[in-house]
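Enquirer: 3D model of this:
(one chain, ligands or ions: 1)
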Amino acid sequence: MEDELRIIISGGGTGGHIFPAVSIANAIRAKYPEAKILFVGALRRMEMQRVPAAGYEIVGLPISGFNRKNMLKNVVVLYRIWKSQQMAKKIIRKFNPMAAVGVGGYASGPMLNQCTKMGIPCLIQEQNSYAGVTNKILSKKVDRICVAYDGMERFFPADKIVKTGNPVRQALLDTKLTKAEALKSFGLSEDKKTILIVGGSLGARTVNESVLQNLDMIKESGVQFIWQTGKYYNASIMAELKQRGTVPSLHVTDFISDMGAAYKAADLVISRAGASSISEFCLIGKPVILVPSPNVAEDHQTKNAMALVNKNAALYVKDADAPAEVVKLALQTVKDDARLKELSENILKLALPDSADIIANEVVKLARRGH
Ligand SMILES: CC(=O)N[C@H]1[C@@H](OP(=O)(O)OP(=O)(O)OC[C@H]2O[C@@H](n3ccc(=O)[nH]c3=O)[C@H](O)[C@@H]2O)O[C@H](CO)[C@@H](O)[C@@H]1O
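Expert: Model (predicted):
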């Protein structure tokens, strides 16, 4: 059938890979409701819940990352890579994709590698301003590379690059809530300035430490906070808060499902510098203080952050300085309306809209070309 479309989308590990993947799938579905889309993720990772929750089928590969501390454990990792390649082959034979999309994260390596070997047209999407190892290797074999930053020809063949930006969940941009309603949904008041604290999709230890070490300053500030701790840190933080006495101006949660509401409620954000988070701040023009994670490959979050900081479009606090500085800086900034306005205007200039649509068009072009 001429209209038939069968697309594999692979990758995951964290929200930063999964949410763009889902946005691409939604954009394909919006244009071609009959398209068959199969996700391929890594067993036990976040995508195995989040992708079905978004309404798509997913198959898990037994892949995991290399252990940089214990080399012996990597024998198991090598076996898992081999096993994942074998499974990828079977998935391709059964599903017979017309194109494949890799969004980074464990599963996209073996899956896209196998797709290129079997002649399936492939596209990868690099969210960050510094390319990951998997995407660098895959870039030699794939047909199209969608990026969000200038200068990516340092890593990838220039003739394959299309600058599309990072796909952002549409619902998050289209939130219907007013600011008052958004604040109310977090149990917060309309009369106070609000700071949102997020540590990426998994939470961030230093960001959480920065809050805990400055609880007294927070209590006395007259400002209210929405604080996303991340799943892994939530129980211990809740226990500590219970011991130290509740802070009414603090809404604490492990994960925020409605980020549209959280952004709407906030006058300022303190955040890690993950690529999707940054794209969201740009698209909605949100003033932000970035605290890049020092624990990611090639320090790419600092590079993501600097692309904004160098244009006076975001503030920056180094991870090591965050416990001493970030809450203080946030409290100063949130009270300075002129600074908030300037940051909002500057970050908005860096937005790349319609990214999911543009990528979806590229995927469909590849699928049609291959057949
Ligand atoms: C530790 C780590 O490996 N981080 C990487 C990971 O980040 P991480 O998964 O944190 O990704 P991003 O910051 O890019 O995106 C986070 C996404 O989660 C959403 N969100 C966040 C918190 C919450 O409570 N609810 C919620 O829905 C945000 O709105 C955003 O859409 O992938 C990114 C994209 O490759 C990289 O740039 C990051 O360096």
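
Enquirer: in the protein, which helix or strand is least confident?
Expert: helix 170-173 (a mean of 88; mean pLDDT, DSSP states H and E).

Enquirer: just the buried residues of it, please?
Expert: By 16 or more other Cβ atoms under 10 Å, the buried positions in helix 170-173 come out as residue 172. Placement of C-beta: from N, CA and C, glycine included.

Enquirer: contact partners of the lengthiest strand in the chain?
Expert: Determined from DSSP state E, the single longest strand within the chain is strand 36-42. Strand 36-42 has contacts (Cβ atoms under 8 Å, 6 or more residues apart in numbering) with 4-13, 21, 25, 28-29, 47-48, 51, 56-64, 88, 91, 95, 97, 105-107, 111.

Enquirer: what about the closest residue to residue 143 other than its chain neighbours, neighbour count?
Expert: In this structure, residue 143 finds its nearest non-sequential neighbour in residue 121, 5.1 Å apart by Cβ to Cβ, 6 or more residues apart in numbering. Counted with other Cβ atoms under 10 Å, residues neighbouring residue 121 total 21.

Enquirer: now for residue 121: which residues touch it?
Expert: With Cβ under 8 Å, 6+ apart, residue 121 has these contacts: 98-100, 143, 366-367, 369-370.

Enquirer: the same query, at a cut-off of 10 Å, please.
Expert: Contacts for residue 121 were tallied using Cβ atoms under 10 Å, 6 or more residues apart in numbering; they are 97-100, 115, 142-144, 363, 365-371.

Enquirer: most neighbours, which of those residues?
Expert: Ranked by neighbour count (other Cβ under 10 Å), the contacts of residue 121 have residue 100 at the top, with 33 neighbours.

Enquirer: test my guess that that one contacts residue 110.
Expert: No - under the criterion of Cβ atoms under 10 Å, residue 100 is not in contact with residue 110, lying 11.7 Å apart.

Enquirer: now do the same for the one residue in the stretch 101-250 of the chain that gets nearest to the ligand: its pLDDT.
Expert: When distances are taken as Cβ to the nearest ligand atom, the stretch 101-250 of the chain reaches nearest to the ligand at residue 200, 2.4 Å away. pLDDT, residue 200: 95.

Enquirer: report how many residues lie close to it.
Expert: The number of residues near residue 200, taken as other Cβ under 10 Å, comes to 22.

Enquirer: distance of it from residue 175?
Expert: Distance, residue 200 to residue 175, using Cβ to Cβ, to the nearest Å: 20 Å.
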